[in-house]
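Engineer: Structure for the following, please:
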Amino acid sequence: MFTALLQEVRIWPVAWRRRFRLYWLHGEKGNLVFAGALAVPFLALGLIVYIAYGERLRVEPAQFEAAERQASAERKRATDLECLAENVYFEARGEPIDGQYAVAEVTLNRARSKYFPHSVCGVVHEAHWDPIRKRYVAHFSWTELGPMYPQDTAAWKQAMAVATAAYDDTHQAVVPGALFYHATDIRPSWAKTKRAVGTIGNHVFYR
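Structural biologist: Purely as a prediction, here's the structure:
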């Protein structure tokens, strides 16, 4: 019995090849229909594979681009928060908590203003040419002192918490619209042209 089955398996491909050849040579309509019917599943399978693969080609670039945009946004947020927290730390770490929020707000307000750089780090490290001193003068004086790195202390953790809350707009503004401030022990000439919005700690804030 096993020998007979083996023989049948060997003969089957040969028989089918001969049958298809006869269908082709003699052009029997019924047989051609039968052959066409056999081809339909293969064509359908090929179509399914083509559609699935084509859809994958369309979906994967879209997913990749979305992931890239998200990663870029996360990198920007991390950089912004670092610069903002540094400004809060070096400008106001000894100030009351509202004074720290006020410094963060001024920094963010400037980044949103058309008169200042449109990034947090650009605002923090902005400098302008001073014709009297004949050198570039930083808007935030600590940035003129060379590379400075905050110590990993409670003051830095608080500065980062303040920066995050201000950046995410989860804290009520304490100096709405403020773009400028100076220490209470000085009176810069530009202050005469601005409107004061409040004094917090050792800083006076202006619009």
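Engineer: name the element the residue nearest the centre of the chain belongs to?
Structural biologist: The residue lying closest to the centre of the chain (C-alpha atoms, centre = their mean) is Ala73, at 1.4 Å. Using DSSP states H and E, Ala73 sits within helix 29-92.
Engineer: for Gly99, same thing?
Structural biologist: helix 97-112.
Engineer: Break the protein down into its structural domains.
Structural biologist: Domain assignment of the chain by automatic domain parsing yields the ranges 2-65, 82-206.
Engineer: Worst mean pLDDT among the ones you listed?
Structural biologist: In terms of mean pLDDT, the lowest-scoring of those is domain 2-65 (a mean of 56).
Engineer: quick one on the thing from earlier: may I see the buried residues of the helix holding Gly99?
Structural biologist: 99-111 (16 or more other C-beta atoms under 10 Å). For the C-beta atoms, the positions are set from N, CA and C on the backbone; glycine is no exception.
Engineer: could you dump those to CSV with distance to Glu144?
Structural biologist: Below are the buried residues of helix 97-112 laid out as CSV (distance: C-beta to C-beta, whole Å):
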residue, distance to Glu144
Gly99, 22
Gln100, 21
Tyr101, 24
Ala102, 22
Val103, 17
Ala104, 20
Glu105, 23
Val106, 18
Thr107, 17
Leu108, 22
Asn109, 22
Arg110, 18
Ala111, 20
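Engineer: Among these, which one sits closest to Tyr167?
Structural biologist: Relative to Tyr167, the closest of the buried residues of helix 97-112 is Leu108; by C-beta to C-beta it sits at 6.8 Å.
Engineer: Could you find the closest non-adjacent residue to the closest one?
Structural biologist: Excluding the flanking residues, the one nearest Leu108 by C-beta to C-beta, 6 or more residues apart in numbering is Ala166, at 6.1 Å.
Engineer: need the contact list for the one you found.
Structural biologist: Counting by C-beta atoms under 8 Å, 6 or more residues apart in numbering, Ala166 touches 84, 101, 104-105, 108.
Engineer: Can you tell me what sits against stretch 149-162?
Structural biologist: For stretch 149-162, the external contacting residues (C-beta under 8 Å, 6+ apart) are 81, 85-86, 88-90, 93, 97, 100-101, 104, 171.
Engineer: ditto for stretch 86-100
Structural biologist: In contact with stretch 86-100 (C-beta under 8 Å, 6+ apart) are residues 102-104, 107, 124, 140, 142, 148, 150, 155-156, 158-159, 162-163, 174, 200-203.
Engineer: Now, those that are in helices?
Structural biologist: Taking DSSP state H, the ones among these that sit in helices are 102-104, 107, 124, 155-156, 158-159, 162-163.
Engineer: Can you tell me which of these is closest to Leu179?
Structural biologist: Checking the ones in helices among the contacts of stretch 86-100 against Leu179 with C-beta to C-beta, the nearest one is Thr107 at 9.8 Å.
Engineer: how much space between that closest one and Ile132?
Structural biologist: The gap separating Thr107 from Ile132 is 26 Å, by C-beta to C-beta, to the nearest Å.
Engineer: Over to Ala92?
Structural biologist: For Ala92, the distance to Ile132 - C-beta to C-beta - is 27 Å.
Engineer: Which of those two has more residues huddled nearby?
Structural biologist: For Ala92 versus Ile132, the count of surrounding residues by other C-beta atoms under 10 Å is larger for Ala92: 24 against 6.
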